[in-house]
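Novice: Prediction below, plus the sequence it came from.
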Amino acid sequence: MKLKKLLTTSLLTSILLTSYSQTVTTFAGKSYFGNGSYNGVRSNHKDSTYFSAPYGIDIDTAGRIYISNEQNIMLIIGNTCKLVAGYNLDPMQPGAADSKDGTGVSARFSNPAGVCINRTTNELFVADVDNHQIRKVSTYVNNFTDPSVSTHAGLKLLNGGYLNSTNSASKFNAPVGVAVASNGDVYVADRNNHCIRKISGGNVTTIAGKNGVQGHDNGSGTVATFDAPFSVYLDGNTLYVADYGNSAIRKIDLSNNAVTDFITSGLSSPTDLCKFEGAWYITERTCIKRYESSVLSLYAGSTSQSGDVDGIGKNARFEEISSITFNTKQNLLYIVDKGNNVIKTITPNSSPICNFTVSNAAPTKGQTIILKNASANKPVNFRWTITPANYTLLNNSKITDSLIYINFSQVGSYTAKLWVSNNGGADSLTKNNCIIVSSVTAKPSVEFSASKTNPVTNEVISLIDQSANDPSTWTWRITPATYIYVNGTDSNSRIPNVKFTNGDNYTITLIAENAQGISTLTKNNYIQVNAQSSVKKSLIANSITIYPNPAQSHVTIKHALSGELTIYNTQGQIVGTYQKNETEVMLDLGKLTNGMYIIVLTTDEGKITARVSIQS
């Protein structure tokens, strides 16, 4: 389970008044208050299932959803909810709560809370709070094979304890959250000991916090203090802690166990967190907050009102949120509403905030300008409206593109509107009279651009005339001469298509003429084909490492440079993007079909390409 540093209180107050338009929907469970309800059979439709104070949630690499319920572990596959381990009748009955290893319903838990999948093995680790233990549930096989439950670490205790020792002799005190590294190490939020513990190589150690000491001190190892840590979330080599009692998110550098603050303002007793595409989602009792680019905002629910209401963003209501996770296969956030005994989902994409730029607000008649989307929150659909309609789209632009090249045939004022959307919502922006087109009174004032200035060898780009004063003829000159005009264009085309057959720097000259005269513009070394030798060496030295490859779903990517990861299928279609600012990141590609995919890392120095095979 899982969090970052912030702003001033006054600024946060204004920020938190804004809510993203996200749809909250009940995914599983029948809502009721209290606990103790249960299903008489072991399998039910997810909508008919009675959970009893559900707490933790995680999703394995096959998309199966695990939920810790009162005295048992539930599993949702498709629309079926199954009890896979623990007591299967009234959780309030004597004997329902205990610590017993075994298979299926013969196993016993006592108030299981946070859960986490080992993504290498698909084993489930469980913080068994009232037993003061960490339990392990074996990998799910099929409907006819009950998984086995074993004690991974900790003595069964009545009131908890504290001891660093071997797994079987160690002692915890109400552990609530767990996180599992790819090598099998388990990190534990040991709530009542106010410590973060590590289970590795058959031993339990304390990596941060002082046993029994509540506080908010940064420092390495036991110099640091926490106050009732509820959850831990592993991101690369950094462990994030939901420090419940301090209303903060802390982080631990696992290379030296140094504890620092991540978010210290604007939170109220966070219970859990997760990360998706650079944004953090943090749960409190009745709401979810989002942290991205140093901004904390209300994402769903209310900071002051509880209830059970599905709806959009801040109109939704929760009773008591305990856990959150992200399902990459369905592109949904999953939330456990312990107080309502249900599981809810939220679409993770924020509704876009529309904006666009105009390259030249005062062109002459016939001059090419560029309208470019500049909207926030990653819209995927676009539609432009230009009025009056005295314009021509150039360079194969379409009104549904995020960037369009356009010129105007009549003098006058023009209004531009852009509509954008993603699966979080839609927005539009109208800029009235934002383009004023004037008449031609002089010889051309030459200007041009390229659709791309750093292509690779034989990649086709466009050279785009943007000259003022409506030239009637164009002459392009390119040196050196290792290039070819393609797609029926030539040196006299207004927008020629060119591919360069050699890795080199190219100088471009445009000569433009109208009835008033001739003008020339030269841009030296304007097109740089392939990286220069020093950049090539840097890119080669920093090549991508991907493992496992072939992969079933999850792959780990290591690289020394920051940039955006783009995933393409073999038809060249983008199937995923990820802003990579860490040196190591795990991607869940489980929603992709079997086959070969190309991962491209775009950096300031150029692009690096690698291939990964998905064989689930």
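Specialist: Perfect, thanks for sending it.
Novice: Where do the strands of the stretch 151-300 of the chain begin and end?
Specialist: In the stretch 151-300 of the chain, the strands defined using DSSP state E, counting those that start in this stretch lie at 175-180, 186-190, 195-200, 203-208, 219-220, 229-235, 238-243, 248-253, 258-263, 272-276, 279-283, 287-292, 295-301.
Novice: Looking at these, which one is packed in the most?
Specialist: strand 186-190 (a mean of 29; mean count of other CB atoms under 10 Å). Just so you know, the C-beta spots here come from the backbone N, C-alpha and C atoms, and that holds for glycine as well.
Novice: Quick one: mean pLDDT for that strand?
Specialist: Average pLDDT, strand 186-190: 98.
Novice: Also stretch 435-449?
Specialist: On average, stretch 435-449 scores 95.
Novice: same check, this time on stretch 528-548
Specialist: Stretch 528-548 comes out at a mean pLDDT of 59.
Novice: going forward, begin numbering at 30 instead of 1
Specialist: From this message on, residue numbering opens at 30, which makes the last subject stretch 557-577.
Novice: Report the separation between the two terminal residues of it.
Specialist: 35 Å (CA to CA, to the nearest Å).
Novice: Distance-wise, check the residue lying closest to residue 225 once chain neighbours are set aside relative to residue 202.
Specialist: Among residues not flanking residue 225 along the chain, residue 237 sits closest, at 4.4 Å (CB to CB, 6 or more residues apart in numbering). Note on residue 237: its distance to residue 202, by CB to CB, to the nearest Å, is 16 Å.
Novice: Likewise for residue 181?
Specialist: 16 Å.
Novice: what's the answer for residue 70, then?
Specialist: 36 Å.
Novice: residues touching the residue nearest to residue 225, list them.
Specialist: 224-225, 250-251, 253, 255, 270, 281, 286, 288 (CB atoms under 8 Å, 6 or more residues apart in numbering).
Novice: Turn the residues you listed into JSON lines, columns for pLDDT.
Specialist: Below are these laid out as JSON lines (pLDDT from 0 to 100):
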{"residue": "224", "pLDDT": "98"}
{"residue": "225", "pLDDT": "98"}
{"residue": "250", "pLDDT": "96"}
{"residue": "251", "pLDDT": "95"}
{"residue": "253", "pLDDT": "97"}
{"residue": "255", "pLDDT": "98"}
{"residue": "270", "pLDDT": "98"}
{"residue": "281", "pLDDT": "97"}
{"residue": "286", "pLDDT": "96"}
{"residue": "288", "pLDDT": "97"}
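Novice: Can you pick out the most distant pair from those?
Specialist: Farthest-apart pair in those is 251 and 270; separation 14.8 Å (CB to CB).
Novice: and the strands of the stretch 180-329 of the chain as CSV, adding distance to residue 102?
Specialist: Shown next, in CSV, are those (distance: least, CB to CB, whole Å):
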stretch, distance to residue 102
strand 204-209, 13
strand 215-219, 17
strand 224-229, 19
strand 232-237, 22
strand 248-249, 36
strand 258-264, 18
strand 267-272, 22
strand 277-282, 27
strand 287-292, 30
strand 301-305, 18
strand 308-312, 20
strand 316-321, 24
strand 324-330, 26
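Novice: related to what we said a few turns ago, closest to residue 322 among the contacts of residue 237?
Specialist: For the contacts of residue 237, the nearest to residue 322 is residue 270 (21.5 Å; CB to CB).
Novice: Give the buried residues for stretch 327-340.
Specialist: Residues of stretch 327-340 classed as buried by neighbour count (16 or more other CB atoms under 10 Å): 327-331, 335, 337.
Novice: which residues sit against that stretch?
Specialist: 45-49, 51-55, 60, 297, 310, 313-319, 342-350, 366, 368-369, 371, 373, 375.
Novice: Taking those residues, please make a ChimeraX selection of just the buried ones.
Specialist: Selection of the buried residues among the contacts of stretch 327-340 in ChimeraX, burial being defined by 16+ other CB under 10 Å:
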select :45,48,49,51,52,53,55,310,313,314,315,316,317,318,319,342,343,345,346,347,348,349,350,366,368,369,371,373,375
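Novice: Which of the contacts of stretch 327-340 fall in strands?
Specialist: 52-55, 310, 316-319, 350, 366, 371, 373, 375 (DSSP state E).
Novice: ok so, going back, just want to know which of residue 70 and residue 202 has more residues nearby.
Specialist: residue 202 (20 against 8; other CB atoms under 10 Å).
Novice: any idea of the pLDDT on that one?
Specialist: At residue 202, pLDDT is 98.
Novice: I'd assumed residue 184 was in contact with it.
Specialist: No - assessed by CB atoms under 8 Å, residue 202 is found out of contact with residue 184, at 11.2 Å.
Novice: Which neighbours do these two have in common?
Specialist: 161, 190.
Novice: picking up where we left off before, please identify which of the strands of the stretch 180-329 of the chain is closest to residue 95.
Specialist: Closest among the strands of the stretch 180-329 of the chain, using CB to CB: strand 204-209, at 12.0 Å.
Novice: So what are the sheet partners of that closest one and their directions?
Specialist: Strand 204-209 has its sheet partners listed here by DSSP bridges as strand 215-219 (antiparallel).
Novice: Next, the angle from the strand it pairs with to strand 224-229.
Specialist: For strand 215-219 against strand 224-229, the angle by axes from the mean of the first three to the mean of the last three CA atoms, to 10 degrees is 160 degrees.
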